[in-house]
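Participant: Take a look and give me a structure for this.
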Amino acid sequence: MPPLVAALIVVASVIAMECVAWVSHKYVMHGFGWGWHRDHHEPHDGFFEKNDLYALVGAAISITFFAIGSPLIMGNSAWAPGTWIGLGVLFYGVIYTLVHDGLVHQRWFRWVPRRGYARRLVQAHKLHHATIGKHGGVSFGFVFARDPARLKAELKAQRKAGLAEVRTPGSDDARGYVTSLSED
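Facilitator: Numbers count the residues shown, from 1 in each chain. Predicted coordinates:
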């Protein structure tokens, strides 16, 4: 396979994983998979969360694609793009770990961005945590963050319509940062 094609498959896989993450976050983690995700939104003891089990699911997806692309495992039936898709899924997992767990929730390092896209990512995810429980909410993606002003407007509309219970301004959420629908 030409290197350019392999590189494009990796990039496309990273982008596709953001779409997969958005759908899984909204409909699985905030749906029937809430049992694993709940402690990510509520106070809990310890460093690890049940929510971390979703990283194992992502790892299994990546490993599966690596296996499908491997002639050592699949022999002549190996599907070459599988290796590159597996690499894209792996890269997305690394990006997720650095951005979501590291930057937003500060599990691995402490840095609060003051401007730019990193600040927008943090704001968007803070607004995701502004709801109480699994219903309603905004910003289900992890890498592509929408405009926080629009997200705040959506949360206000959800609260007004009774679709979401929103934390009171100035309250701390389960992850230790202040969430508010007022301007930062």
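Participant: CA only for contacts and neighbour counts going forward, please
Facilitator: Noted.
Participant: residues in contact with the most centrally placed residue in the chain?
Facilitator: Compute the mean C-alpha point of the chain, and by Cα atoms, centre = their mean the closest residue is Phe142, 3.5 Å away. Contacts for Phe142 (Cα atoms under 8 Å, 6 or more residues apart in numbering) come out as 18, 21-22, 96, 99-100, 121, 125.
Participant: Same check on Gly137?
Facilitator: Contacts of Gly137 (Cα under 8 Å, 6+ apart): 127-131, 155, 158, 164.
Participant: what do you get for Gly93?
Facilitator: With Cα under 8 Å, 6+ apart, Gly93 has these contacts: 55, 58-59.
Participant: so where does it fall, helix or strand?
Facilitator: Here Gly93, judged by DSSP states H and E, is contained in helix 81-96.
Participant: centre of the chain versus that helix, how much separation?
Facilitator: Taking Cα atoms, centre = their mean, to the nearest Å, one finds helix 81-96 lying 15 Å from the centre of the chain it belongs to.
Participant: Can you list the residue ranges for strands in this protein?
Facilitator: All strands of the chain, identified by DSSP state E, fall at 131-132, 165-166, 171-172, 178-179.
Participant: what about the residue nearest to the centre of the chain, distance to Glu165?
Facilitator: 22 Å (Cα to Cα, to the nearest Å).
Participant: Likewise for Trp108?
Facilitator: Trp108 is 30 Å from Glu165, by Cα to Cα.
Participant: Between these two, which is the more surrounded one?
Facilitator: Ranked by neighbour count (other Cα atoms under 10 Å), Trp108 and Glu165 place Glu165 first, with 19 against 11.
Participant: need the contact list for that one.
Facilitator: With the criterion set at Cα under 8 Å, 6+ apart, Glu165 makes contact with 131-133, 135-136, 159.
Participant: please redo it, this time with the cut-off set to 10 Å
Facilitator: Counting by Cα atoms under 10 Å, 6 or more residues apart in numbering, Glu165 touches 130-137, 155-156, 158-159.
Participant: export the residues you listed to TSV and tack on pLDDT?
Facilitator: Output for the contacts of Glu165, formatted as TSV (pLDDT from 0 to 100):
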residue	pLDDT
Ala130	92
Thr131	92
Ile132	92
Gly133	91
Lys134	92
His135	93
Gly136	92
Gly137	92
Leu155	93
Lys156	93
Gln158	94
Arg159	93
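Participant: The residues you listed in helices, which ones?
Facilitator: 155-156, 158-159 (DSSP state H).
Participant: From those, keep the buried residues only.
Facilitator: 155-156, 158-159 (16 or more other Cα atoms under 10 Å).
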